[in-house]
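A.B. asks: generate coordinates for the sequence data below:
(4 chains)
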There are 2 protein chains.
Amino acid sequence: MITLADVAKESHVSTMTVSRVLHHPEQVSDEVRQAVQQAISKLGYKPSRVGQALSQQRQFAIQFLILEDIQQVDPYYAKLLLYIADYLREQGYTLEISHDLTDHSSQVDGTFVSGARQQDLPLLTKSSDPIVSYGQLDQTIKYVDIDNFQGTYQMTHYLAKCGYQNLLYFGLDLNEAFAISREEGYLQAMTELNKMPTIFRIDNTEQTAANLIEQLIITDNSAIVAATDRIAIGALQQLLHLGIKIPADVGVTGFDGVFINQISLQHLTTVQQPLKKIAQSMVELLLGMIEKRPGKSTLIPPQLSIAQTTRALEEK
Amino acid sequence: MITLADVAKESHVSTMTVSRVLHHPEQVSDEVRQAVQQAISKLGYKPSRVGQALSQQRQFAIQFLILEDIQQVDPYYAKLLLYIADYLREQGYTLEISHDLTDHSSQVDGTFVSGARQQDLPLLTKSSDPIVSYGQLDQTIKYVDIDNFQGTYQMTHYLAKCGYQNLLYFGLDLNEAFAISREEGYLQAMTELNKMPTIFRIDNTEQTAANLIEQLIITDNSAIVAATDRIAIGALQQLLHLGIKIPADVGVTGFDGVFINQISLQHLTTVQQPLKKIAQSMVELLLGMIEKRPGKSTLIPPQLSIAQTTRALEEK
DNA sequence: GTGAAAGCGCTAACAC
DNA sequence: GTGTTAGCGCTTTCAC
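C.D. replies: Down below sits the predicted model:
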């Protein structure tokens, strides 16, 4: 391993000078700086993170704590993780993944968390280093999330503009912040549209959505605002099975827009999670907190991804 | 932060004795050991990974290098990552994720890699620390993979036992080891069954599979062995669209068995990636290599996941 | 069975 | 502008 000392010897200066070239180059004379930089590239020197960590009492490591059950992990985590890893790397940080709350005492400068439940909160907040959650948790923990309310709100209005008259909400049977916000977005839009809301609450599976469709009489010119892509896909398949024309007779929209919306032959119109922006905000917020520049929880505006399960907009 | 020295002071011994209690407890007298252990739990001491790393020249960190394009990342990576993280943690290692080959010089004891291409190999092998690949790459890099050949081989035989006469292979238009092995598994089974193989090679998308179905005349009593779940889902949907009865008239099987197979209302019969076992083998192999106990590349036996797109087995 | 000293790679604080 | 010193937390080596 090439160390600072090697570079120092090669360029006939002290280790401190080399260290300064790396961190405070303006404090070093041009001449020396160039010599040192040459030595660095000649030897292929890379600073040891461990050495830095020890002397600075910082790890330059961030942890992503995934608290969901391993069977339930949504397919989009991989993408979110990669985006976060990329942003962190730009800032000189490493991303560790972890799946266990007891592990949280692990040695990192900060933690991202997702899928935490009420009972996890005490353990989470016990730690002194900064935490940012993906998704709203409670008042004490900063979070970044898609603007769930805006997602269903905008989608409901959009469906009305497409000319669908009867707008049904297929929501989640969950007492979680995101589920409630999505339902409220739909409700608010329906109020503004002067329409009677119709809300069903079911599990997040294709099958329960299909079962629900079977039990209902879905009239032409209806549209289904689903709280997730999985629900939307289940509804879509059952509607097609019943011979209903999508999107001509009935429209279907989902929520999330990662993978699942692209599985069906008719790609799903959906509210897209802007994962890249979410990742960026999460990194900014957490690194800010680490550097004592506290920021605020952020809701990222959703993006409607218009595909093949909704009609074209009506011309005025 | 609680350090070794704190524990040493608390229990009136030297830091070395505390260190020994942790790593070579048999070298310490019962009396002292118990006193030290009490002090450790009283103070809540956790060894600093950084301190250990620096003095042992080991990081206790493993990197997972995901070289796939971020848009292409398969949904099951999140699961694989979590399983690996869990196994590593049991062994006292941390998992970092990384998405950039230049980052590979990062400071870890070993690397898992997936999605590497030919052009990545030189950079990969340049590194001196051990590498284990998820999926076969070339002769020089150890890998763990599902036994792709066995997967399609067993599935093809299974379909024959279900009474399907005409077995078609919907393969991948890719010159990658896994794609070739899956095709060969089908071929071998067809040879043993004394049937003429029929192979199509397409992109890994639902749409191309659906298009292919449209162009073919699929007779009753056929079954489609697909190289991936996405291809299978595309074929399945188009067959249903054409009014063909699944699984009575035609059978469809996929490959991978993570998420996508459960999206359709009729869950897909598929060759399941045993991700948990794969993770375990990858961890064993890599940690073995790190500790100079070189192991061998491993093919994990696939598991057929029989669901609703294939008939019941014929009774003899 | 236990302790003292030295060193892993790096940098902040203080000399010069 | 540059070098010296000391110390971050831990373990290896060598004494005792």
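
A.B. asks: next, count neighbours for A:Ala248.
C.D. replies: By the other C-beta atoms under 10 Å in any protein chain shown criterion, the neighbourhood of A:Ala248 contains 10 residues. Yep, even glycine has a C-beta here, placed from its N, CA and C like the rest.

A.B. asks: tell me how far the spatially closest residue to it that is not a sequence neighbour lies from A:Asn221.
C.D. replies: Closest residue to A:Ala248 apart from its sequence neighbours, by C-beta to C-beta, 6 or more residues apart in numbering or on different chains: A:Arg311 at 6.9 Å. In this view, A:Arg311 and A:Asn221 are 10 Å apart by C-beta to C-beta, to the nearest Å.

A.B. asks: and for those two, which residues touch both?
C.D. replies: Counting by C-beta atoms under 8 Å, 6 or more residues apart in numbering or on different chains, the contacts common to A:Arg311 and A:Asn221 are A:Gly163, A:Tyr164.

A.B. asks: okay, stretch A:295-314 in PDB with CA atoms only?
C.D. replies: Listed next in PDB are the C-alpha coordinates belonging to stretch A:295-314 (Å, rounded to 0.1, in the frame of the first residue of the first chain):
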ATOM      1  CA  GLY A 295     -32.000  21.400   6.400                       C
ATOM      2  CA  LYS A 296     -35.700  20.600   6.100                       C
ATOM      3  CA  SER A 297     -37.800  17.600   5.300                       C
ATOM      4  CA  THR A 298     -38.700  17.700   1.600                       C
ATOM      5  CA  LEU A 299     -41.500  16.600  -0.600                       C
ATOM      6  CA  ILE A 300     -40.400  16.000  -4.100                       C
ATOM      7  CA  PRO A 301     -43.000  16.900  -6.700                       C
ATOM      8  CA  PRO A 302     -44.300  13.800  -8.500                       C
ATOM      9  CA  GLN A 303     -44.300  13.400 -12.200                       C
ATOM     10  CA  LEU A 304     -47.200  12.000 -14.100                       C
ATOM     11  CA  SER A 305     -46.000   9.300 -16.500                       C
ATOM     12  CA  ILE A 306     -48.700   9.100 -19.200                       C
ATOM     13  CA  ALA A 307     -48.800   5.800 -20.900                       C
ATOM     14  CA  GLN A 308     -51.400   3.400 -22.500                       C
ATOM     15  CA  THR A 309     -54.000   2.900 -19.800                       C
ATOM     16  CA  THR A 310     -55.500   6.400 -20.100                       C
ATOM     17  CA  ARG A 311     -57.100   8.200 -23.000                       C
ATOM     18  CA  ALA A 312     -55.500  11.200 -24.700                       C
ATOM     19  CA  LEU A 313     -56.500  14.500 -23.300                       C
ATOM     20  CA  GLU A 314     -59.700  15.900 -24.600                       C
END
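
A.B. asks: now do the residue nearest to A:Ala248 against B:Leu101, distance only.
C.D. replies: The gap separating A:Arg311 from B:Leu101 is 45 Å, by C-beta to C-beta.

A.B. asks: the closest residue to DNA strand C within the stretch 151-300 of chain A: neighbouring residues, count only.
C.D. replies: Taking C-beta to the nearest atom of the strand as the measure, the point where the stretch 151-300 of chain A comes nearest DNA strand C is A:Glu291, at 13.5 Å. In terms of burial, A:Glu291 registers 10 neighbours under the definition other C-beta under 10 Å.

A.B. asks: the residue nearest to A:Ala248 should be in a strand, yeah?
C.D. replies: No: assessed with DSSP: H, G, I helix; E, B strand; the rest coil, A:Arg311 is coil; it does not lie in a strand.

A.B. asks: stretch A:165-182: end-to-end distance?
C.D. replies: Stretch A:165-182 has an end-to-end distance of 20 Å (C-alpha to C-alpha, to the nearest Å).
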